[in-house]
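In: build the 3D model from these lines:
(4 chains)
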Amino acid sequence: MQFLMLVTTFVALEATTKRLEMFSLLSDLFQAAGADEIDKIIYISQGHLRPPFYPLTSGPHVVGMSEKYLLRAIAKSAGLDPKEAERRYREMGDIGSAAKYYAELTADTRPAPDGLSVTEVYDTIDKIAALHGEGSVEEKIDATGRLFGAVSPIESQYIARFMAGKLRLGVGDATVLEALALKMEDRAHRAALERAYHMTSDLGGVARTLYGRGLVGVQGVGVCVGLPIRPALCERLSSAEEIIEKMGLCAVEIKYDGFRCQVHKGKEEVAIFSRNQERITPMFPEIADAMTRLFPNDEIILEGEALSFDETTGALRPFQETLQRKRKHDVTAAKASYPLKYFVFDCLYLNGTDYTPYGYAKRRSVLLKQIPQDPVIEVAEVIETDNARALADFFDRSVERGFEGIVAKKLGGPYTAGVRNFNWVKLKRSYRSAPSDSMDLCIVGYDAGRGSRAVFGIGTVLAAVYDPAGDRFKTVSKIGTGFSEDELARLKALLDADAVAERPAHVDSTYTPHVWVYPRYVISALADEITRSSHHTAGADAQGIGYALRFPRVRGFIREDKGAYDATTVDEIVTLYRRQRKIDTV
DNA sequence: GTGGGCTATAAGC
DNA sequence: TTCTGACTGATTCGG
DNA sequence: CCGAATCAGTCAGAAGCTTATAGCCCAC
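Out: Numbering: from 1, shown residues only, chains lettered A, B, ... in the order given. Here you go, the predicted structure:
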């Protein structure tokens, strides 16, 4: 298939938001694709080169070129200054449009495009992705520039977007599955395709199976030790009453704030997968060791949360410290300073039996039978109840002890791989926060929006707290989540009236927004947590470490009743930070 | 040649 | 991680 | 009874902070 044909479908997909139309466009595309290229087409549509769990030897699953390098490639192929390309990009909010714009500008100076095939484009980009070592950045940029030069402007638009991992077509994995079903002339086939996908986490692979061995082949796909199962996800509710009303009798687990890990113990080998199916086995050798120790002769797939803890106090560490274990180098040293616990909450497979269709209670009993006392692997704490009072008590105690909240699981519910539904429901401490817990932040600048936010000319605001001691505004977060489109438009107009060319003298910020704004408008914001930050200036110590917000979002709109000096103060932020509880010992 | 600082990217939540 | 917006499919409402 | 209105659920794509890593650059 010609790459241009793929691009033509992309253009049509982008022109509609109707899902039924997208299914039809995609299924036509799939119909025209050969068995040797369908997987590539699907990986490309998802912004990837291959599934994330493929062995490192097969090459990276993402290109490793995002906006800055792409801008340099665009500028290079058009023979202009990257600064100019950057300005244009900021205005358009889409790296692809920038690429296309400059390709069109210089179209008459280039040779006619060769008409590359999908496979040729894929292979070229795959080679670029694999470049590494000294001089590789420049090589990548050059090679990308050459690719832009060899295709038509519209193709360079989608190549740029693909390489940046932001195709923005409205096509996710669910849409691909639906379209594959439609290609087989019945949307009902989606169930089988979806099951195969959730069991193997390889969308292109499912299509390969479909094209090679038909629906029968797809129906035969099941759990496979060594291939990550897409993790089940939680819905959210904001009170114990709602949870009981919705779920009835359920198991209630502590929600640990660490890394979601799916551990596969095969005949010989152990493999650990992240929430997004990355292979992270080398990060957690103690988990792998424990698995071979506990299950020398078993094949088993477990799921749980890995957290670091302090060996002297026994206290579990906050997420930011557990993050230290997300590393490839010096794992041995990190292991000593940041030892791990793996809190297991599910068993998906054991010695030939796929337990995902069984109810939670059954899986739980298998889990309890299998996991003995162990210093590394522990079964997550859980209670069983159909009573809102009891659930609320367990939640309160968990929060008291410093945990994130709880997850309620319907006792009879199967493990719904890859799906967010009300089989599992989380209740986090942050969902229950009273309005008084929100902060009033002063806007001191804003950034242009990207993608669908580009049309508003604003995507995020730089927000500050007030420091009465020095009469200064100090940044604590950028915030873009929580604005409606209407609010964004109004906000832009308001802020532009107060835009200033330079950083206002009474604003402290290490970050330079696209537009500085005189501190006047106050918004209320919510956050899950306050963290120490080397990027924000609020409460910064001698080392320049200040405070920032975890998961910041806007609540409501501009506070008409508050002026800049009514903003939350630095001291209040520090108090909120101190009030956060240390996590329980284990 | 080495090391530190800087920039860009990816990935965890 | 949180949030908004568009669409879909099912259910309820009202003449 | 049928079309209109409503509602809940699904899906995708905006947005955040933090850490680790890779490669580049420059001073020593």
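In: for DNA strand D, what are the nearby residues on the stretch 151-300 of chain A?
Out: Applying C-beta under 7 Å from any atom of the strand, we find that the stretch 151-300 of chain A lies next to DNA strand D at A:K166, A:L167, A:R168, A:L169, A:G170, A:V171, A:G172, A:D173, A:A174, A:T175, A:V176. (C-beta placed from N, C-alpha, C; glycine too.)
In: can you flag the buried ones in the residues you listed?
Out: Neighbour counting with 16 or more other C-beta atoms under 10 Å marks A:K166, A:L167, A:R168, A:L169, A:V171, A:D173, A:T175, A:V176 as buried within these.
In: and which of the residues you listed is nearest to DNA strand B?
Out: A:K166 (9.4 Å; C-beta to the nearest atom of the strand).
In: contacting residues around the closest one?
Out: By C-beta atoms under 8 Å, 6 or more residues apart in numbering, the residues touching A:K166 are A:G47, A:D94, A:I95, A:G451.
In: also A:V570?
Out: A:V570 neighbours (C-beta under 8 Å, 6+ apart): A:V465, A:Y466, A:D467, A:A469, A:K474, A:A538, A:G539, A:Y547.
In: A:I479: what's its closest spatial neighbour, skipping adjacent residues?
Out: Computed as C-beta to C-beta, 6 or more residues apart in numbering, the closest residue to A:I479 that is not its neighbour in sequence is A:P552, at 4.8 Å.
In: helices and strands of chain A: which one bottoms out on pLDDT?
Out: Least confident element among the helices and strands of chain A, by mean pLDDT, DSSP states H and E: helix A:240-247 (a mean of 91).
In: can I get that one in PDB, CA atoms only?
Out: Below are the C-alpha coordinates for helix A:240-247, written out as PDB (Å, rounded to 0.1, in the frame of the first residue of the first chain):
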ATOM      1  CA  ALA A 240     -18.700   4.900  50.600                       C
ATOM      2  CA  GLU A 241     -22.500   5.100  50.200                       C
ATOM      3  CA  GLU A 242     -22.300   5.400  46.400                       C
ATOM      4  CA  ILE A 243     -19.900   2.400  46.300                       C
ATOM      5  CA  ILE A 244     -22.100   0.100  48.400                       C
ATOM      6  CA  GLU A 245     -25.200   1.200  46.500                       C
ATOM      7  CA  LYS A 246     -23.500   0.500  43.200                       C
ATOM      8  CA  MET A 247     -21.600  -2.700  44.100                       C
END
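In: residues in contact with the host helix or strand of A:L29: which ones?
Out: Element membership for A:L29, per DSSP states H and E: helix A:19-31. In this structure, residues lying in contact with helix A:19-31 by C-beta under 8 Å, 6+ apart are A:5-6, A:9, A:12-13, A:16, A:38, A:41, A:45, A:170-171, A:175-176, A:178-180, A:182-183, A:187, A:207.
In: wait, does the strand or helix carrying A:A493 make contact with DNA strand D?
Out: Secondary-structure assignment from DSSP H and E places A:A493 in helix A:485-497. No: Helix A:485-497 stays clear of DNA strand D (C-beta under 7 Å from any atom of the strand), getting no nearer than 9.5 Å.
In: equivalent analysis for stretch A:418-428, please.
Out: Yes: using C-beta under 7 Å from any atom of the strand, stretch A:418-428 reaches DNA strand D at A:V419, A:R420, A:N421, A:F422.
In: filter these to the buried ones?
Out: For these, buried by 16+ other C-beta under 10 Å: A:V419, A:F422.
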